[in-house]
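Trainee: sequence and predicted model, in that order:
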Amino acid sequence: MYLQCIQHMEMKNSENTILHKISSNDSHSPFCNFAYAFVSDFTTVVAVVGSLDCTETENYVKIIKRSERYSEEESFAIKSGSELLIQNPPLSGQTTETFEYCIAKNTNNQYKLELRDSYGDSWFPGSWIEIQGIYGNTFFKNMMVNTNYEDYALSLNYPIMKNAEWKMTASASGTWTQYSYDDSTWTSVTLGSVTAPASSTQYYRKTFTGVADMAAYDARFFYHCGIVAYINGVQIFADNMPDTPVTATTPATGCYSAAAYRAVMRPGSEIQNAETVLAVEIHFTEEASPDVDFNAFLAALAPSVTGTSCTIVSDGVEMSSSVENIAMAFDFDKSTAAAMMPTPTEPINIDYVFTNMVPYIAGLRVWPFYSGYSAAKSLIWSGKNSGTTYNTIITPSSRCRTVVNVPTVLVRVLKGVNYDLHSQRTKAEMDRERGFVRLDGLQGIESAIGRLSVQRFLCVGELLCTVRIAM
């Protein structure tokens, strides 16, 4: 047995998570200052450790990879420019593996994700990859649909981190939600610690440098009662607050039993300005003013659907339907589907409900089972915030097998179909109908197997409204 310094140390913790510590210059150095292992002729003994503790100059990355059959053909890599930062180890079949890395930060923390299949018949159905950040939020999740390779822009950018320094006051007026507002007289506070109960509304501001060319952003707020949040003066989120105009004396309509993180996902164009501010007001009920326990972070998301500028919503989605095995309609598996034969009098209804997440839905990707002929001939997309009545948003009726010349553009990406919502609904409608989504009236198929079988992915972002692509 001898002591060997290795550049790529593989470690496992008690949860069988593979941990990696990668230095951007380790391939050029004769010494490894981050990992050692005892190696014998027959085995390698490595330390059992917990999650990685990355430095200030590194980004933490968690990669969750589901592999089915032929995992030896599948691979993934992350690059910074032309520099290879992450290359997967050999993958195990029919299992889900977790890999953790520390990788060097770069400008705006933008990287390239490469998915490969060495045989050239795409990843086996049911195989997928998910990439999370240090707070457990998802930056990317998708299955591979091309035969040989797919390349994606990968953002690991947090314009706002947890426990950051913000400006705070108990009295605000005028243009306090705008970037240009002078908050020099406000108190500087570091979030993450509970303060004494408040007797009035609390106001917070955090300026940050925006990121261009993002599909969406994921803003998460830790709060107890009422909240209203703004980006550069535009309201992006509200909870436990009345629909009427809000003032400093407006009480919250209720409180949760405990403070927790709740999220909103919105188009990336809202944070593309270099000078951007996130402004938040925290309200309490008239009956009680609990301890002020506020925190927040914001992640910038690159597109995760090829050929579009939107990212897939994979967190906090619950589905209900009369269709058996409805979960199979959202499991990132091309070989499974929620299947049912619709009739003219009994169309299929599929309800999506978002838990602790309010996404600004901009599109729907449908993956037809086997071929485009398995897709629905027509559908109705509708939404609501509460109650029993859904409001119709779009009613596309083409499968996009030919060039589309209707206002509602259906954009086909590979074998999937993207239904673009932007041409049929206004921004106000999208804000108002964000709580629940329904697919109604999935009518008719021509598939010989006689069933409606699709994979559905909800997208946040800015889909093109003028693209016309044939099947």
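Mentor: Looks like it came in fine.

Trainee: may I have the host helix or strand of Ala362 as CSV, with CA atoms only?
Mentor: Taking DSSP states H and E as the definition, one finds Ala362 inside strand 361-368. Output for strand 361-368, consisting of C-alpha atoms alone and laid out as CSV, is shown next (Å, rounded to 0.1, in the frame of the first residue of the first chain):
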residue,chain,number,x,y,z
ILE,A,361,-46.1,29.8,-17.5
ALA,A,362,-45.1,30.7,-21.1
GLY,A,363,-45.5,27.4,-22.9
LEU,A,364,-46.3,23.7,-22.9
ARG,A,365,-44.1,21.0,-24.5
VAL,A,366,-45.9,17.9,-25.5
TRP,A,367,-43.9,14.7,-26.3
PRO,A,368,-46.1,12.5,-28.4
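
Trainee: ok, Met143 - how many residues close by?
Mentor: Neighbouring residues of Met143 were enumerated by other Cβ atoms under 10 Å; the total is 23. (Glycine included, C-beta is placed from N, CA and C.)

Trainee: surely it meets Asp333?
Mentor: Yes - assessed by Cβ atoms under 8 Å, Met143 is found in contact with Asp333 at 7.3 Å.

Trainee: show me the common contact partners of those two, please.
Mentor: Shared contacts of Met143 and Asp333, defined by Cβ atoms under 8 Å, 6 or more residues apart in numbering, comprise Trp128.

Trainee: related to what we said a few turns ago, other SSEs contacting the strand holding Ala362?
Mentor: Packed against strand 361-368 by the contact rule (3 or more Cβ pairs under 8 Å, 6 or more residues apart in numbering; DSSP states H and E) you find strand 310-312, strand 416-420, strand 452-461.

Trainee: any idea which of these scores lowest on pLDDT?
Mentor: Taking the average pLDDT of each of the helices and strands packed on strand 361-368, the minimum falls on strand 416-420, with a mean of 44.

Trainee: follow-up on the earlier one: so what strands line up beside the strand holding Ala362?
Mentor: Strand 361-368 has the following sheet partners, assigned by DSSP bridges: strand 416-420 (antiparallel), strand 452-461 (antiparallel).

Trainee: tell me where the model's unsure across the stretch 151-300 of the chain.
Mentor: 194, 196-197, 288-290 (pLDDT under 70).

Trainee: which non-adjacent residue is nearest His224?
Mentor: Spatially, and ignoring its direct neighbours in sequence, His224 is nearest to Ala259 (4.2 Å; Cβ to Cβ, 6 or more residues apart in numbering).

Trainee: who's in contact with that neighbour?
Mentor: Neighbour list for Ala259: 222-224, 293 [criterion: Cβ under 8 Å, 6+ apart].

Trainee: top of those by number of neighbours, please.
Mentor: With neighbours defined as other Cβ under 10 Å, the most crowded of the contacts of Ala259 is Tyr223; it has 24 neighbours.

Trainee: which positions within stretch 64-78 qualify as buried?
Mentor: Neighbour-count burial for stretch 64-78, with 16 or more other Cβ atoms under 10 Å as criterion, is recorded at 64-68, 70-71, 73-76, 78.

Trainee: select from the residues you listed every entry located in strands.
Mentor: With strands defined by DSSP state E, the entries of the buried residues of stretch 64-78 inside them are 64-67, 74-76, 78.

Trainee: give the closest residue to Met250 in space, chain neighbours not counted.
Mentor: If you look again at residue 250, you'll see it is Thr, not Met. The nearest residue in space to Thr250 (Cβ to Cβ, 6+ apart) is His283, at 6.2 Å.

Trainee: can you get me a residue count around the one you found?
Mentor: 27.

Trainee: name whatever forms a beta bridge with it.
Mentor: Beta-bridge partners of His283, counted by DSSP bridges, are Gly226.

Trainee: can you tell me how far it is from Ile393?
Mentor: 31 Å (Cβ to Cβ, to the nearest Å).

Trainee: likewise Ser304?
Mentor: To Ile393, Ser304 is 22 Å away according to Cβ to Cβ.

Trainee: the two: who's more crowded?
Mentor: Neighbours around Ser304 and Ile393, counted as other Cβ under 10 Å, are more numerous at Ser304. The numbers are 28 against 20.

Trainee: excluding its backbone neighbours, what's nearest that one?
Mentor: In space, Ser304 comes closest to Thr311 once its chain neighbours are excluded; the distance is 4.5 Å by Cβ to Cβ, 6+ apart.

Trainee: that neighbour against Leu301, yeah?
Mentor: Yes - taking Cβ under 8 Å as the definition, Thr311 is a contact partner of Leu301 at 4.6 Å.

Trainee: so those two - more neighbours on which side?
Mentor: Between Thr311 and Leu301, Thr311 has the larger neighbour count (other Cβ under 10 Å), namely 33 against 26.

Trainee: and Tyr204, what are its bridge partners?
Mentor: Using DSSP bridges, the bridge partners assigned to Tyr204 are Met168, Val280.

Trainee: for the ones in strands among the buried residues of stretch 64-78, which one is nearest Phe297?
Mentor: Ile64 (20.1 Å; Cβ to Cβ).

Trainee: who does that closest one form a beta bridge with?
Mentor: Thr98, Glu130.

Trainee: how about it, what does it touch?
Mentor: Taking Cβ under 8 Å, 6+ apart as the definition of contact, the neighbours of Ile64 are 96-99, 129-132.

Trainee: most neighbours, which of these?
Mentor: Taking other Cβ under 10 Å as the neighbour criterion, Ile131 ranks highest of the contacts of Ile64 with 25 neighbours.

Trainee: what's the closest non-adjacent residue to that residue?
Mentor: Phe140 (4.3 Å).

Trainee: you'd agree the one you found is in a strand?
Mentor: Yes - assignment of Phe140 by DSSP: H, G, I helix; E, B strand; the rest coil places it within a strand.

Trainee: count of neighbours near it?
Mentor: Once other Cβ under 10 Å is used to define contacts, Phe140 is seen to have 22 neighbours.

Trainee: same check, this time on Lys112
Mentor: The number of residues packed around Lys112, counting by other Cβ under 10 Å, is 18.

Trainee: how far away is it from Ile134?
Mentor: Using Cβ to Cβ, which is the criterion applied here, Lys112 is 20 Å from Ile134.

Trainee: my read: Gln178 touches Val277, true?
Mentor: Yes - using Cβ under 8 Å, Gln178 is in contact with Val277, at 7.1 Å.

Trainee: who's more crowded, these two?
Mentor: Under the criterion of other Cβ under 10 Å, the comparison of Gln178 against Val277 puts Val277 first, with 22 against 14.

Trainee: which helices and strands does the helix or strand encompassing the more buried one pack with?
Mentor: Val277 is located in strand 276-283, with elements delineated by DSSP H and E. Counting contacts by 3+ Cβ pairs under 8 Å, 6+ apart, strand 276-283 is packed against strand 202-208, strand 216-223, strand 226-231, strand 295-301.

Trainee: which other helices and strands does the shortest one contact?
Mentor: Using 3+ Cβ pairs under 8 Å, 6+ apart as the contact criterion, the secondary-structure elements in contact with strand 226-231 are strand 216-223, strand 234-239, strand 276-283.
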